[in-house]
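Colleague: 3D, please:
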Amino acid sequence: MRDSHTSLAVLGNGVRVVAVHLPYLASATVGVFVRAGSAHEGKRLNGISHFVEHMAFKGTHERDCQRINLDAERLGAEVNAYTDKDHTAYHMRGMAGDAGRFVQMLADIVRHSTFPEPELERERQVILHEYIEDEDDALSTAFKLFDSACFGLHPVAQPVIGNRVNIQRFSRQDLLDYVGRHYTGANVVVGLAGDVNPESFTAEVEAAFGSMPAGSENVVQPPSYQGDVRTRRQSGSSQTHVVLGFPIPSLRDDDPTSVVAAALFGEGMSSPLMDEVRERRGLVYYAACSADVLPWCGQFVVEASTAPEHLDEYVAEVMRLLRVQAEAIRPVDLERARNQITVKALRAQEQPFRQLEEAAQDLLVHGNLRSREALTERFLAVSAEQVREAFGKMLTAGATVCVAGTVRQGARERLRELVGR
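Modeller: Predicted coordinates:
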């Protein structure tokens, strides 16, 4: 059990029901999490999870899209959704007394969407506009290059939004077939955060989701890391956008060391990354470091936007700083990283939807709810030697570097030399 204020029930068809009791809240947040994202799509279906998420709000057997929006807004509620590589989420937040209605309304959207043809053609144009905007973003392009360079043709490397050909081609039947295969009890978590009775909530979920087909878990095989250096010139951007990174353990590996390493290396202005490349050398205005971890793989990511003439110096300095960490970890940096992770965890516990996301991730990845306090203690227990070894393993695996925007002649060859590829 995660903690004393969180309860879990499992319906006969496999749907998990999690309730986080937050008695100090006057609002309630309800989320439906489905283990279906871009990593579950074959090449010809890339982008369909995102397309389904958009179309789910465009009409059901009982309500058209205008009624769906009006029903939520008459209650003063927010309703929204998002798609990621490993899951899709639908959520509502409003007055606590309306939590039962939120369950019904979300179940209608998730289970009974009809994907009407006229709405499909209109929404197709909306998604194409979103696709074009994404394509025009040089940093987004660098990230897409990075995923592909890391994991090749594996589905986890595909962009969530898909590609233009697929977006233009998806039919109503494609959407219906995809939902029929992936939106099943074994892949669904329904969660509530607020001052609501867990037993009453479970009964509401049973009524709304109890007849959902059980199905089986959506499975993705882990990818193999490849690594490469890639560049793409892109008009409209006067800067050079860089994504540099390495493979790290997956969520299922349950190893907190890489998260500590990312916080230590690039979290905050006093971190080695920001202190050196921004404060002391002025090579960037924007830079960030993160551990992006999925159920099947992970990426240690250093991203930045810099001037074209500073690209080589920036990459050389990042590689030097990484090698410094692989030699020794300063106690003050480890102290800072641990405390930053602790505060982030505390802040997450102050956000109802974030609590639901974490609980759903636990259930979809590990099959159980884990104590937040125990997880925080595990981060705090990571030693300097473990972090040092993590940097060493990353460097041994080899860096992937992807650049988009303004790219000078010969940049790829120089980058290969700088990172040892």
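
Colleague: from here on, just use CA atoms for contacts and neighbour counts.
Modeller: OK.

Colleague: what's the closest non-adjacent residue to the residue most central in space within the chain?
Modeller: In the chain, the residue lying closest to the centroid (CA atoms, centre = their mean) is Asp84, at 5.2 Å. Closest residue in space to Asp84, ignoring its immediate chain neighbours: Gly37 at 5.5 Å, by CA to CA, 6 or more residues apart in numbering.

Colleague: quick one: contacts for the one you found?
Modeller: In this structure, Gly37 makes contact with Ser49, His50, Thr83, Asp84, Lys85, Asp86, His87, Thr88, Val160, judged by CA atoms under 8 Å, 6 or more residues apart in numbering.

Colleague: is the fourth one in contact with Ile161, as I believe?
Modeller: In other words, Asp84. No: between Asp84 and Ile161 there is no contact under CA atoms under 8 Å: 9.2 Å.

Colleague: possible to save the contacts of Gly37 as JSON lines with pLDDT, secondary structure and distance to Val387?
Modeller: Putting the contacts of Gly37 into JSON lines (pLDDT from 0 to 100; DSSP: H, G, I helix; E, B strand; the rest coil; distance: CA to CA, whole Å) gives the following:
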{"residue": "Ser49", "pLDDT": "98", "secondary structure": "helix", "distance to Val387": "36"}
{"residue": "His50", "pLDDT": "98", "secondary structure": "helix", "distance to Val387": "36"}
{"residue": "Thr83", "pLDDT": "98", "secondary structure": "strand", "distance to Val387": "32"}
{"residue": "Asp84", "pLDDT": "98", "secondary structure": "coil", "distance to Val387": "28"}
{"residue": "Lys85", "pLDDT": "98", "secondary structure": "coil", "distance to Val387": "27"}
{"residue": "Asp86", "pLDDT": "98", "secondary structure": "coil", "distance to Val387": "27"}
{"residue": "His87", "pLDDT": "98", "secondary structure": "coil", "distance to Val387": "30"}
{"residue": "Thr88", "pLDDT": "98", "secondary structure": "strand", "distance to Val387": "32"}
{"residue": "Val160", "pLDDT": "98", "secondary structure": "coil", "distance to Val387": "31"}
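
Colleague: quick one, which of these are buried?
Modeller: Buried positions within those, assessed by neighbour count (16 or more other CA atoms under 10 Å), are Ser49, His50, Thr83, Asp84, Lys85, Asp86, His87, Thr88, Val160.

Colleague: list the contacts for the second one?
Modeller: Applying CA under 8 Å, 6+ apart, one finds that His50 lies in contact with Gly37, Ser38, Tyr82, Thr83, Thr88, Val160, Ile161.

Colleague: do I have it right that the second one meets Asp84?
Modeller: Yes: in this structure, Ser38 sits in contact with Asp84. The criterion is CA under 8 Å, and the distance is 6.7 Å.

Colleague: common neighbours of those two, please.
Modeller: Applying CA under 8 Å, 6+ apart, one finds that Ser38 and Asp84 are jointly contacted by Val160.

Colleague: coming back round to it: in the contacts of Gly37, find the pair that's most separated.
Modeller: Put simply, by CA to CA the two of the contacts of Gly37 set farthest apart are His50 and Asp86, 11.5 Å from each other.

Colleague: which residues do these two both contact?
Modeller: Common contact partners of His50 and Asp86 (CA under 8 Å, 6+ apart): Gly37, Ser38.

Colleague: now for Asp137, how many residues are close by?
Modeller: Residues near Asp137, counting by other CA atoms under 10 Å, number 17.

Colleague: for it, what are phi and psi?
Modeller: Here is the backbone geometry of Asp137 (degrees, to the nearest 10): phi -90, psi 110.

Colleague: same check on Val205?
Modeller: Main-chain dihedrals, Val205, degrees, to the nearest 10: phi -70, psi -40.

Colleague: not counting its neighbours along the chain, what's nearest it?
Modeller: Val103 (6.5 Å).

Colleague: does that neighbour belong to a helix or a strand, and which?
Modeller: According to DSSP states H and E, Val103 maps onto helix 99-112.

Colleague: what does the helix or strand harbouring Thr29 contact?
Modeller: Assigned by DSSP H and E, Thr29 belongs to strand 27-34. With contact meaning CA under 8 Å, 6+ apart, strand 27-34 is reached by 87-99, 102-103, 106, 183, 187-196, 352-353, 356, 360.

Colleague: Tyr286: what secondary structure?
Modeller: With DSSP: H, G, I helix; E, B strand; the rest coil as the basis, Tyr286 sits in strand.

Colleague: residue contacts, it?
Modeller: By CA under 8 Å, 6+ apart, Tyr286 lies in contact with Ala304, Ser305, Thr306.
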